[in-house]
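Visitor: Predicted model and sequence follow; I will ask about them next.
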Amino acid sequence: MTVPQLLLCLSLSVLCISSKPTEKKDRVHHDPQLSDKVHDDAQNFDYDHDAFLGADEAKTFDQLTPEESKERLGKIVSKIDEDKDGFVTVEELKDWIKFAQKRWIYEDVERQWKGHDLNEDGLISWEEYKNATYGYIL
């Protein structure tokens with residue numbers, strides 16, 4: 001290899017090492033979705049119902065008549081209105097949505113725990129976990 005070729009290879013190597021990556025990384029933390037449904041208010045409000053009520057409660061509202069639904073929503077709104085001024089602020093609504101989502105998570109954890117605690121002693125052993133998860137015969 002001649003000196004000019006060596007210098008060319010060396011300069012190309014330095015250029016490649018010192019160049020910025022072309023892939024842009026997303027460094028923003030995104031909150032998890034409030035529902036697995038599509039968020040499209042022009043078509044339906046299923047996403048909003050899941051976020052506002054929680055997935056299980058939203059299913060029960062789907063079964064109600066409009067009058068019953070309106071009555072139940074009125075009761076929920078009074079729970080959301082923490083300062084009891086007759087209005088729901090953005091912060092009160094955010095707090096309610098967080099509460100509804102956490103409640104669903106805690107209920108799901110409880111359901112999963114009961115499904116894995118086969119001898120109902122309040123503890124999950126490795127054997128119980130394997131049996132519940134992978135279906136091993138006791």
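Guide: Arrived safely.

Visitor: Okay, now the unreliable bits of the chain?
Guide: For the chain, the stretches flagged by pLDDT under 70 are 1, 14-44, 136-138.

Visitor: quick one: the helices in it?
Guide: In the chain, the helices defined using DSSP state H lie at 3-18, 46-53, 55-62, 66-80, 90-116, 126-134.

Visitor: most packed of the ones you listed?
Guide: helix 46-53 (a mean of 19; mean count of other C-beta atoms under 10 Å). For every residue, glycine as well, the C-beta is placed using N, CA and C.

Visitor: measure residue 75 to residue 69 for me?
Guide: As for residue 75, its distance to residue 69 is 11 Å (criterion: C-beta to C-beta, to the nearest Å).

Visitor: Correction: the previous question concerned residue 87.
Guide: Residue 87 sits 21 Å away from residue 69, taking C-beta to C-beta as the criterion.

Visitor: Correct me if wrong: residue 80 contacts residue 90.
Guide: No: when contacts are counted by C-beta atoms under 8 Å, residue 80 is not listed as touching residue 90 (11.2 Å).

Visitor: can you pull the contacts of residue 83?
Guide: residue 92 (C-beta atoms under 8 Å, 6 or more residues apart in numbering).

Visitor: Phi first, then psi, for it.
Guide: Phi and psi for residue 83, reported as degrees, to the nearest 10, are phi -90, psi 0.

Visitor: give the contact list for residue 133.
Guide: residue 116.

Visitor: run the last query once more with 6 Å
Guide: By C-beta atoms under 6 Å, 6 or more residues apart in numbering, the contact set of residue 133 is empty.

Visitor: separation between it and residue 60?
Guide: Here residue 133 is placed at a distance of 30 Å from residue 60 (C-beta to C-beta).

Visitor: ok, now residue 121?
Guide: Look at residue 121 and residue 60: by C-beta to C-beta, they are 33 Å apart.

Visitor: And the spatially closest residue to residue 61 that is not a sequence neighbour, how far from residue 100?
Guide: Spatially, and ignoring its direct neighbours in sequence, residue 61 is nearest to residue 69 (5.5 Å; C-beta to C-beta, 6 or more residues apart in numbering). Distance of residue 69 to residue 100, given as C-beta to C-beta: 16 Å.
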